[in-house]
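> Everything below, folded, please.
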Amino acid sequence: MRHFPPRRIVCLTEETVETLYLLGEQDRVVGVSGYAVRPPQVRREKPRVSAFVSADIPKVLALEPDLVLAFSDLQANIVADLVRAGVDVHVFNQRDVAGILAMIRMLGALVGATERAEGLVQGLEQRLAAIAAMPRPSPRPRVYFEEWDDPLISGIGWVSELIEIAGGTDVFAELRRQQAAKDRIVSAEAVREAAPDLILASWCGKKVVPARICARHGWGDIPAVRGNRIVEIKSPVILQPGPAALTDGLDAIVSALWGRDSKLPTPSS
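Numbering: from 1, shown residues only. Just a heads-up that it's a prediction; the model follows:
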């Protein structure tokens with residue numbers, strides 16, 4: 001039997017888990033992605049049923065979900081298996097800041113928490129606007145965000161936008177609308193020519209090794225390398241298209257650009 005709002009939800013990515021907790025709807029969550037770490041208690045409260053491009057379908061079905069939440073074409077094979085098994089699935093596809101906020105609103109509507117979702121979104125919007133309006137020195141620092149190291153992949157849409165909100169300039173901003181990682185591959189020479197003042201790196205779940213970045217051929221003359229301005233941002237706070245990116249992820253970018261003592265506005269929601 002299906003219920004509305006759904007009583008039993010399985011989340012195959014982290015951002016919908018965090019959003020449901022922020023909305024106070026965590027009791028509906030019966031299964032999560034193995035990458036779900038926000039809030040911290042989710043790791044001990046909820047069974048893990050999936051990686052990112054694979055899932056334990058029998059385990060998901062055993063949870064008898066009213067709804068499964070997935071993300072993007074990268075989970076299309078999982079979604080197809082679940083649909084064939086008769087499960088209701090909603091696939092989000094947000095790739096920019098506006099999409100993240102729309103996801104929160106839609107998820108709120110799906111669980112009957114429209115007003116709380118709107119309050120959360122408005123608080124995030126106000127904080128984003130306040131950070132974007134903070135006075136910064138000119139010119140803006142040039143930033144290269146590295147999502148992967150072999151091949152070199154630049155930042156996806158929401159990451160590029162957050163760099164600009166934080167007061168930087170993404171040196172590969174023209175690639176932000178490319179959804180597929182393969183379409184955001186850049187050459188080592190292109191990074192050298194871009195001459196970023198700051199390198200931010202988040203290697204999609206593996207530890208960043210700044211020494212390897214510094215050792216790349218010809219990169220010694222890049223201002224960020226010369227000035228030892230290579231900063232890792234942990235994947236869970238920047239590469240998940242959800243609240244984490246708009247809060248802790250953005251804060252990490254601001255800190256890397258302007259120092260840890262930057263006075264950031266607090267969320268108003």
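
> give the contact list for the closest residue to Gly34 other than its chain neighbours.
Once flanking residues are discounted, Gly34 sits nearest to Arg48: 4.4 Å by C-beta to C-beta, 6 or more residues apart in numbering. For glycine as for every other residue, the C-beta is placed from the backbone atoms N, C-alpha and C. Arg48 makes contact with Gly31, Val32, Ser33, Gly34, Ala36, according to C-beta atoms under 8 Å, 6 or more residues apart in numbering.

> and if we set it to 10 Å?
By C-beta atoms under 10 Å, 6 or more residues apart in numbering, Arg48 lies in contact with Gly31, Val32, Ser33, Gly34, Tyr35, Ala36, Val42, Asp56, Lys59.

> what about the helices in the stretch 151-269 of the chain?
Counting by DSSP state H, counting those that start in this stretch, the stretch 151-269 of the chain has helices at residues 157-165, 188-194, 210-214, 223-226, 235-238, 243-244, 250-258.

> which residues does Gly31 contact?
8-12, 17, 46-50, 55-56, 59-60, 62-63, 65, 68.

> secondary structure element for it?
In this assignment (DSSP states H and E), Gly31 forms part of strand 29-33.

> mean confidence for stretch 101-118?
Averaged over stretch 101-118, pLDDT sits at 98.

> could I get the helices of the stretch 151-269 of the chain as JSON lines with distance to Trp203 and mean neighbour count?
As requested, these are exported to JSON lines (distance: least, C-beta to C-beta, whole Å; neighbours: other C-beta atoms under 10 Å):
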{"stretch": "helix 157-165", "distance to Trp203": "13", "mean neighbour count": "24"}
{"stretch": "helix 188-194", "distance to Trp203": "15", "mean neighbour count": "15"}
{"stretch": "helix 210-214", "distance to Trp203": "10", "mean neighbour count": "14"}
{"stretch": "helix 223-226", "distance to Trp203": "16", "mean neighbour count": "17"}
{"stretch": "helix 235-238", "distance to Trp203": "8", "mean neighbour count": "22"}
{"stretch": "helix 243-244", "distance to Trp203": "17", "mean neighbour count": "24"}
{"stretch": "helix 250-258", "distance to Trp203": "15", "mean neighbour count": "22"}
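
> May I see the ones you listed organised as CSV, with mean pLDDT added?
As requested, the helices of the stretch 151-269 of the chain are exported to CSV (pLDDT from 0 to 100):
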stretch, mean pLDDT
helix 157-165, 98
helix 188-194, 98
helix 210-214, 97
helix 223-226, 98
helix 235-238, 95
helix 243-244, 98
helix 250-258, 97
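
> Which of those sits closest to Leu110?
Checking these against Leu110 by C-beta to C-beta gives helix 243-244 as the closest, at 16.1 Å.

> what's that closest one in contact with?
Under the contact criterion C-beta under 10 Å, 6+ apart, helix 243-244 has outside partners 14-15, 18-19, 21-22, 37-38, 100-101, 103-104, 120-121, 124, 234-238, 249-250, 267.

> again, but for stretch 50-59
10-14, 31-36, 47-49, 60, 62, 68, 70-72, 74-79, 81-82, 84-85, 87, 204-205.

> buried set for stretch 141-158?
Neighbour counts over stretch 141-158 (16 or more other C-beta atoms under 10 Å) mark 141-149, 152-158 as buried.

> Filter those down to just the ones in strands.
Arg142, Val143, Tyr144, Phe145, Glu146, Glu147, Trp148, Asp149, Leu152, Ile153, Ser154 (DSSP state E).

> re earlier: which of the contacts of stretch 50-59 are buried?
Burial by neighbour count, 16+ other C-beta under 10 Å: within the contacts of stretch 50-59 this picks out 10-14, 31-36, 49, 60, 68, 70-72, 75, 78-79, 82, 87.

> Return the distance of the helix ranked longest in the chain from the chain's centre.
When the chain is parsed with DSSP state H, its longest helix is helix 114-132. Centroid displacement of helix 114-132 relative to its chain, using C-alpha atoms, centre = their mean, to the nearest Å, is 17 Å.
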